[in-house]
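# Model the following, please.
(one chain, ligands or ions: 2)
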Amino acid sequence: MKRKLTNILVTGGAGFIGVNFIRFLLGEGSSKPDYKGRIINLDALTYAGNAASLNSIEKSFGGTRYFFEKGDIGDHAFVEAVFQKYSIDTVVHFAAESHVDRSILGPEAFIKTNVLGTFTLLDVARNAWKDSAGQIRQDVLFHHISTDEVYGSLGETGYFTETTPYDPRSPYSASKAASDHLVMAYRHTYNLPIILSNCSNNYGPYQFPEKLIPLMVLNMLEDKPLPVYGDGKNIRDWLYVEDHNSAVWTIMQNGKTGEKYNIGGENEWENIKLLNALIEIVAKKSGKDVEKIRSLITYVKDRPGHDRRYAIDCSKLKKELGWKQTVSFEEGLGRTVDWYLSNREWINDIRSGEYQHWVEKNYGVR
Ligand code: NAD
Ligand code: DAU
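Numbers count the residues shown, from 1 in each chain. Ligands and ions are numbered 1, 2, ... in the order given. You can find the predicted model right below:
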């Protein structure tokens, strides 16, 4: 039976996946999910968040079905007030520090947001969702968004399943693993109705241009070096962001309480092969010379502790809940490049301020 979800708190709704999730749920994506309730977007607007990404949503639904609350998930009193103000019955928790390179250079923010922030949200939910007899309600849901990186790194063969032991290897993945454990502990200890999903690499519109695909697209357009870490043969499993969000929505509605589900693209690419495919697409769409772009490829020092290969087995989600990917890599990359070609204002906006300062300080101009 489908869960009834009416007042959904989306944390991190001004970031890459959160923005796409809100647009998807309110019918601005290519699929039209059946949702009639409200969305409350709680986001601290760090360097990675941009409230303007949801201007059209604000225009169509602001004050009726869409509400924005700026604040930190680690601020107990603030989160509690938001729960009360909107009678929150569902949490979908995207907010996080999400970039591995940043976690290597400065892990503290990852512990604060990903570990302590998740703890605060869980604890507010545990207190807010008690019935008159003091029992935790079971008609509510805390959906925690996690990553395949908690499982560590694979060799040439094999896949991460829901029972693969955790083996996080960067401060980012360790902080996400800690948050996953807290979520599971709140289920076992307090009977909080939770679900967890662990997804592979996402790509698509509104992704902050520090992550591989948007960084490379923009550097190609701006004739800047294309920095490939190590030998370029690390493998990632890529999924179009709308397919991730349709999986999350399927799980939120029909997933079993207390369970975890892996989400993946079943679409493994070596970084260097992906970069070459992307170069062809950007050249075709921008009119730039393909060989000139290719000459920008620059092998640089490897990321410390760089995980070699990620690959998700998402057969549980497919078999039990009937989800499947709908956007091919070719189609998804094409849509993504088109989006970055036609959203210069968004790019300038998100790159202003702290981002440019941080990138220049840590990497030089890229
Ligand atoms: P992102 O970095 O683009 O966005 C994160 C958002 O969280 C931003 O809007 C930011 O302002 C907000 N935020 C950060 N700290 C906060 C705090 N203390 N309080 C409130 N808001 C805060 O991240 P993303 O790529 O959209 O990832 C979203 C979630 O999905 C994360 O939990 C991440 O671990 C997970 N995930 C991401 C991917 C991927 O490929 N991007 C894959 C699997 C899982
Ligand atoms: O697997 C899911 C994870 O995917 C998410 O949990 C993270 O939030 C998300 O950032 C992503 O992590 P990765 O480290 O895999 O993504 P990133 O885009 O940083 O890097 C992808 C691959 O490309 C990785 O092998 C490192 C490499 N890379 C990255 C950058 C930014 C380069 O070679 N050059 C670069 O400049």
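
# nearest spatial neighbour of whatever residue of the stretch 51-200 of the chain ends up closest to ligand 2, skipping sequence neighbours?
Ligand 2 sits closest to Thr147 of the stretch 51-200 of the chain, with a gap of 3.1 Å, by CB to the nearest ligand atom. Where you see a C-beta, it was placed from the backbone N, CA and C, and this is true even at glycine. Setting aside the residues directly before and after it, Thr147 is nearest to Lys176 in space (CB to CB, 6 or more residues apart in numbering), at 5.3 Å.

# which residues does the one you found contact?
By CB atoms under 8 Å, 6 or more residues apart in numbering, the residues touching Lys176 are 96, 114, 146-147, 149-150, 168.

# go again using 6 Å as the cut-off
By CB atoms under 6 Å, 6 or more residues apart in numbering, the contact list for Lys176 reads 114, 146-147, 150.

# Relative to ligand 1, how far out is the residue of the stretch 51-200 of the chain closest to ligand 2?
4 Å (CB to the nearest ligand atom, to the nearest Å).

# number of nearby residues for that residue?
For Thr147, the neighbour count with other CB atoms under 10 Å is 23.

# And for Asn55?
Counted with other CB under 10 Å, residues neighbouring Asn55 total 12.

# ok, which residues in the stretch 151-300 of the chain are in contact with ligand 2?
With CB under 6 Å from any ligand atom as the criterion, the stretch 151-300 of the chain meets ligand 2 at residues 200-201, 211-212, 215, 227-229, 234, 236, 271.

# export those to a markdown table and tack on neighbour count?
Shown next, in a markdown table, are those (neighbours: other CB atoms under 10 Å):
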| residue | neighbour count |
| --- | --- |
| Ser200 | 24 |
| Asn201 | 22 |
| Lys211 | 18 |
| Leu212 | 21 |
| Leu215 | 18 |
| Pro227 | 17 |
| Val228 | 19 |
| Tyr229 | 15 |
| Asn234 | 20 |
| Arg236 | 22 |
| Asn271 | 18 |
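
# Which single residue of the stretch 251-366 of the chain approaches ligand 1 most closely?
Nearest to ligand 1, among the residues of the stretch 251-366 of the chain, is Ile263, at 8.0 Å (CB to the nearest ligand atom).

# Which residue, other than its chain neighbours, is closest to Ile111?
Distance criterion CB to CB, 6+ apart; nearest residue to Ile111, sequence neighbours excluded, is Ser175 at 5.7 Å.

# got it, and Phe61?
Leu26 (5.8 Å).

# And Ala247, by the same measure?
Per CB to CB, 6+ apart, closest to Ala247 is Ile263, 4.5 Å.

# What is the burial count for Leu221?
Leu221 has 18 neighbouring residues, counting by other CB under 10 Å.

# actually Glu270, not the one I typed
Glu270: 15 neighbours (other CB under 10 Å).

# Surely it and Asp231 touch.
No - the criterion here is CB atoms under 6 Å, and Glu270 misses it with Asp231 at 9.3 Å.

# so what's the backbone phi/psi at the residue of the stretch 51-200 of the chain closest to ligand 2?
Backbone geometry at Thr147, expressed as degrees, to the nearest 10, gives phi -130, psi 160.

# any chance you could map the strands in the stretch 1-150 of the chain?
Applying DSSP state E, counting those that start in this stretch to the stretch 1-150 of the chain gives strands spanning 7-11, 38-43, 66-70, 90-93, 141-147.

# Let me fix that, I meant to ask about the stretch 251-366 of the chain.
Secondary structure of the stretch 251-366 of the chain (DSSP E, counting those that start in this stretch): strands at 260-263, 268-270, 297-300.

# Can you name every helix or strand that the second one contacts?
Identification of packing neighbours for strand 268-270 by 3 or more CB pairs under 6 Å, 6 or more residues apart in numbering; DSSP states H and E yields strand 235-240.

# How about the strand it packs on and ligand 1, touching?
No - counting by CB under 6 Å from any ligand atom, ligand 1 is not contacted by strand 235-240; separation bottoms out at 8.0 Å.

# what about that strand, average pLDDT?
The average pLDDT within strand 235-240 is 98.

# buried set for it?
For strand 235-240, burial by neighbour count (16 or more other CB atoms under 10 Å) applies to 235-240.

# Next: stretch 253-260.
Buried residues in stretch 253-260, counted by 16+ other CB under 10 Å: 253, 255, 260.

# so what's the first one up against?
Same thing as Gln253. Counting by CB under 6 Å, 6+ apart, Gln253 has contacts 2-3.

# From Ile312, how far out is it?
Distance, Gln253 to Ile312, using CB to CB, to the nearest Å: 21 Å.

# residue contacts, the residue nearest to Ala247?
By CB under 6 Å, 6+ apart, the neighbours of Ile263 are 197, 199, 244, 247, 314.

# do the same with Leu42
Listed by CB under 6 Å, 6+ apart, the contact partners of Leu42 are 11, 69, 82.

# For the second one, give the beta-bridge partners.
Taking DSSP bridges as the rule, Glu69 bridges to Leu42.

# Hmm, Phe83 and it touching each other?
No - using CB under 6 Å, Glu69 makes no contact with Phe83, being 10.7 Å away.

# Looking at those two, which one has more neighbours?
Counted by other CB under 10 Å, Glu69 and Phe83 do not tie: Phe83 has more neighbours, with 22 against 17.
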